[in-house]
Each structure stands twice: as structure tokens, then as C-alpha cells.
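Visitor: Using only what follows, build the 3D model:
(chains A, B, C and D)
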There are 2 protein chains.
Amino acid sequence: MDRRIKKNQAAIMNALMQLIAEKEFEKITINDIAERADVNRGTVYSHYSDKYDLLDKCIEDQLTHLMESCYSADAKGPFPTKTPLLHTIKEIKQNAPLYKTLLSIKDVSSFRIHLNSMINKQIIEHMNETNLSIDDLSKSIFAQFISSAIVGVIEWWFNQSMPCSAEELTDRLWSLLEMNQLIPLKTN
Amino acid sequence: MDRRIKKNQAAIMNALMQLIAEKEFEKITINDIAERADVNRGTVYSHYSDKYDLLDKCIEDQLTHLMESCYSADAKGPFPTKTPLLHTIKEIKQNAPLYKTLLSIKDVSSFRIHLNSMINKQIIEHMNETNLSIDDLSKSIFAQFISSAIVGVIEWWFNQSMPCSAEELTDRLWSLLEMNQLIPLKTN
DNA sequence: ATTAATCTGTTGAAAAACCAACAAAACCGG
DNA sequence: CCGGTTTTGTTGGTTTTTCAACAGATTAAT
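Guide: You can find the predicted model right below:
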């Protein structure tokens, strides 16, 4: 990809991330973003249709990084061991203010949906790799069941202002996943 | 100035500064610089005729920042009190590896010359502001005398691997300047 | 000494970013 | 509710950057 595009998109996304940490999303103008990114206002529009679109792309980007940083550390597939799950949760905790904001923003195909679909996708992919004799419908339902559960727990954790440590949350979540036989299904 | 120019020049200069701290100037290629700056090679040539020209501009820039950061802190004119002189020397010391390299590079209208002429200019400017009845020749000679002395001492300090603290160097240098009646001449 | 590889500096055409200007929409404060 | 200000999204013309290709110079290795 063209160098300029890569740099400017990075600058713009970064600018929005900074601003989100500073003030309410609705109060942020395209001008603010362009100014912070040190980029012409038109350049923002050339890449994103509006600030909601931009936020959307930011979320996708953020989640991709999150996933990468977590899986690169250890193993493949969605949470084959407890470690990457813990990594993920810790990573989220580290950027808590950001993620909390992202989770709370309305008017957007929100962060929750993105996170859900990303985990969902990972689970389905992994089920397909380990060719099990399960029909597609069952797979879909199972994936949705698990991903919703994980995201829901994380969301709850945030809304309760993280009432337990990342480690404890991971332990308990892990137990539940085990109960659903997610682990034997993954450890190929 | 165009946003792109400003950003790219900054990136390029910054890249060279980094590289200088890492390896010998002669070993640095335009490619290295462009790569580090994340800029097309042609862009480097569009701003600077070659790496010597670039180094030249870097030095000028660096010295301008040095001067600014030192005078903005306290007072006007060249070393009206001891404080800005100490600031200058401390600032230089902080970036010692960089300045040491800059001082040692040949093949360039070198750092020493730049630093000298910059101090020289400052002194003359200040002499003109405090309208003294001194003929131009005397002014020029005096300015050259003092600036050479200061630069020479700093250079010596570097070459001896800074055998005394910045504070002590400043004290001694200040005494010498006093002896040359630089201070009464400056404190307007 | 002769390759091979790299580095230099330049070119031209295409892509991207710049800026200023615009009308329409949305947002205040009185 | 109104009038002034800000924000939005778009436009067109200009400048800059990019990329790929080039020939010549330099460097390193066989």
C-alpha cells in the first residue's frame, strides 16, 4: 500500500484514539481529528466517510492488534490454553479506559459486536481446521454461544469496574469454557 | 509551509540523527535514511542535494533548537548571566554522543564552524543593540575572539571526555568571560 | 581484474495530499 | 425562534510524494 496512505491512516486513527480518551465521542469533530493528526481535513474524508466510519475502522484495527499480540505470544487457535486468554484480558485491562469507552459508545456497529464476531470467527475457523463431524448449524450455534459468553463476561467485568483481578477472571472464565468442552475440542 | 514538506523534512532529519548515533557517517547511505524516515528515496533528493547537504541542515536545525531552548529559559542576548551558559552546556552534555560525532565529522562545513558563527552572530547582534561607541572592526574581532574561545573550550571538553562537570566548566568559562569584560558589556 | 551487487542521482507519469472555497446542515445564545 | 457561528461534506486546481526504471559510479568479493 502507498506509504502516504499507511502513514496518514495511522495518524488519523491514532488521533481519534487520543481524543476518545480525552472527551466524549460525540463532541469530537472532524476538525479536531485532522488537527491532532496533523493532516488536511479533506484527507480524513478521503479515507473515511465520517467519524462513525472512522471509529469502526479503529475498532477493527484495535481488535486485530489485540488478537495478534495475544496469539503470537503462545499458540494458535482461539484459547487453546489458558495463557492467551489471560494475555487478552490483561491487554484489555491495560487499555481499560479506551475499551470501556469503546464498549459504551452507541450509534456504531459497536465494539461489542466487533469483538464478538472476531472471536466467533476464530472459533469457527478452528473448528473447521480440526475436522470434526459436526454439522454447520451446530458449529454456528456453538460459536455464537461461546463468543457471546466471553464478550458478555468481559463487558460485565468492565461495567462492574473490574471487581476481580484479570487472573481471577481468567480462571473462572476458563473453568466455564472447560465445562463446555471447549478445551478438548481445541487441543489438537 | 506545506504540511507534507514540514513532516517529511522532520522525519528525514530525525532519521539521520538516529543513524549518526548508530554508525559512522560515511557508512550511512541515502537508502538508509529514506528507509528509516519511511519516505521515498526521491523525496530525500527533492529536499537535499546529498547527505552532506542534509547533515548541514541538520546541524543548523540542531543549533537553532539549542539556542532557542537556552535563551527562552532565562534572558536575552548571548550569555548575559551565567544561567543560560550553563543551560547550553548541560544541553550539549545531554546529547553528548550526537554532538561529539558532529564535532568530529570532516568533509563538512563542520559543526564547529556552525556553532562558532552562531555564537559570533549573537554577540555582534547584542553589541549592536546596546549601542556602544565601538568601531565595526573592533566588534568583529572581539566577537570572533570570544566565540572561538567558547567553542574551543567546549571542543576541548569533549575531546578530553568531559574531564569536569558541566557546572565547573561553566564556572571557569564564566570567569574568563568576566575577565574579558563580556558581562558589563552585556548587562544592559 | 572482473563480476556482481549496491548506491547514486535523475526522470516521468500516476497517486495522494494540500488548500481554499463553497453551500447546506447543525448547533448555540439571546 | 432567530441570527451568528461552527461543522459538515464536497469540489477543483496545485503541489508534493510515490514508485519504477534508468545509466553511471562505487564498493566488495572472488
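Visitor: Can you tell me the closest non-neighbouring residue to the most centrally placed residue in chain A?
Guide: Geometric centre of chain A, nearest residue: A:Leu63, 3.4 Å, by CA atoms, centre = their mean. With sequence-adjacent residues excluded and distances taken as CB to CB, 6 or more residues apart in numbering or on different chains, A:Leu63 is closest to A:Met118, at 5.3 Å. C-beta: built from backbone N, CA, C; applies to glycine.
Visitor: quick one: A:Ile92 from A:Pro84, how far?
Guide: Using CB to CB, to the nearest Å, one obtains 13 Å as the distance from A:Ile92 to A:Pro84.
Visitor: Now do the SS call for the residue sitting furthest away from the middle of chain A.
Guide: In terms of distance from the mean C-alpha position of chain A, A:Ser133 ranks first, at 29.6 Å (CA atoms, centre = their mean). A:Ser133 carries the three-state label coil when classified by DSSP: H, G, I helix; E, B strand; the rest coil.
Visitor: That one and A:Glu125, how far apart?
Guide: The separation that A:Ser133 has from A:Glu125, given CB to CB, amounts to 17 Å.
Visitor: again, but for A:Glu178
Guide: Counting by CB to CB, the gap from A:Glu178 to A:Glu125 is 21 Å.
Visitor: And A:Cys58, by the same measure?
Guide: From A:Cys58 across to A:Glu125, the span is 24 Å (CB to CB).
Visitor: out of these two, which sits in the busier spot?
Guide: For A:Cys58 against A:Glu125, the residue with the higher neighbour count under other CB atoms under 10 Å in any protein chain shown is A:Cys58, and the figures read 23 against 12.
Visitor: wait, that one sits on A:Met17?
Guide: Yes: if you go by CB atoms under 8 Å, A:Cys58 and A:Met17 touch, sitting 6.5 Å apart.
Visitor: Average pLDDT for stretch A:175-182, rounded please.
Guide: The average pLDDT for stretch A:175-182 rounds to 79.
Visitor: where's that stretch relative to the chain centroid, distance-wise?
Guide: Per CA atoms, centre = their mean, to the nearest Å, the displacement of stretch A:175-182 from the mean C-alpha position of its chain is 22 Å.
Visitor: Same check on stretch A:52-63?
Guide: For stretch A:52-63 - counting by CA atoms, centre = their mean - the centre lies 10 Å from the chain centre.
Visitor: is any part of it close to DNA strand C?
Guide: No: Stretch A:52-63 stays clear of DNA strand C (CB under 7 Å from any atom of the strand), getting no nearer than 13.3 Å.
Visitor: And the helix or strand harbouring the residue nearest to A:Leu63, what does it pack against?
Guide: According to DSSP states H and E, A:Met118 maps onto helix A:111-129. Counting by 3 or more CB pairs under 8 Å, 6 or more residues apart in numbering or on different chains; DSSP states H and E, the packing neighbours recorded for helix A:111-129 are helix A:51-73, helix A:96-104, helix A:136-159.
Visitor: Output these as a markdown table; include the columns distance to A:Ala166 and mean pLDDT.
Guide: Rendered in a markdown table, the data for these read as follows (distance: least, CB to CB, whole Å; pLDDT from 0 to 100):
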| stretch | distance to A:Ala166 | mean pLDDT |
| --- | --- | --- |
| helix A:51-73 | 13 | 84 |
| helix A:96-104 | 10 | 78 |
| helix A:136-159 | 9 | 89 |
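Visitor: Of all these, which one is nearest B:Met67?
Guide: Shortest distance between B:Met67 and the helices and strands packed on helix A:111-129, using CB to CB, is found for helix A:96-104: 39.7 Å.
Visitor: Just give me the neighbour total for A:Leu177.
Guide: Based on other CB under 10 Å, the number of other residues close to A:Leu177 is 20.
Visitor: That concludes my questions; thank you for your assistance.
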